[in-house]
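S.K.: Sequence below, structure please.
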Amino acid sequence: MVGTGARVAPRLAARELYLAGTASGRLEVLDRVVIEMGARLDGRLSTASLHCHEGAWLQGTFDIGGSRAAPARPVPPSPASPCPVSESR
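M.R.: Here you go, the predicted structure:
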């Protein structure tokens, strides 16, 4: 878990990531990533499952559900709509 106000860079590897702060660089998450409202992700993300709440900020390159990723567990539904995604290649 990366809490509100916390920062992680330049590399993170984990089974699950709950992001409420800021992460940048290369992020490799086997199972799932949950990005909370107000969180920021800028970099290259590889994961099996991504769920982000309205008000989150994403920029970078994303590999979601790729062949290297492990099967994801379901994330409980959220009443918030998906967050806007800005992708660069």
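
S.K.: List the contacts of residue 9.
M.R.: By CB atoms under 8 Å, 6 or more residues apart in numbering, the contact list for residue 9 reads 23-25. Using the backbone N, CA and C atoms, a C-beta is placed for each residue, glycine as well.

S.K.: Closest one to residue 59 out of the residues you listed, please.
M.R.: residue 24 (9.3 Å; CB to CB).

S.K.: So what's the predicted local confidence for that closest one?
M.R.: Note on residue 24: pLDDT of 96.

S.K.: Which strand residues bridge it?
M.R.: residue 42 (DSSP bridges).

S.K.: For it, give me its contacts.
M.R.: The contact partners of residue 24, taken as CB under 8 Å, 6+ apart, are 7-10, 40-43.

S.K.: could I get those residues as CSV with pLDDT and distance to residue 63?
M.R.: Output for the contacts of residue 24, formatted as CSV (pLDDT from 0 to 100; distance: CB to CB, whole Å):
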residue, pLDDT, distance to residue 63
7, 96, 23
8, 95, 18
9, 94, 19
10, 94, 18
40, 97, 19
41, 97, 13
42, 97, 16
43, 96, 12
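
S.K.: Okay, now the unreliable bits of this protein?
M.R.: Residue ranges of the chain with pLDDT under 70: 67-89.

S.K.: what's the spatially most central residue of it in contact with, if anything?
M.R.: With distances taken as CA atoms, centre = their mean, residue 33 lies nearest the centre of the chain, 4.3 Å away. If you count contacts by CB under 8 Å, 6+ apart, residue 33 has them with 16-17, 19, 27, 45, 47, 49-52.

S.K.: Apply 10 Å and report the result again.
M.R.: 14, 16-19, 23, 27, 41, 45-52, 62, 64, 72, 75 (CB atoms under 10 Å, 6 or more residues apart in numbering).

S.K.: all strands for the chain, in order.
M.R.: Applying DSSP state E to the chain gives strands spanning 7-8, 11-19, 22-35, 40-52, 57-64, 85-87.
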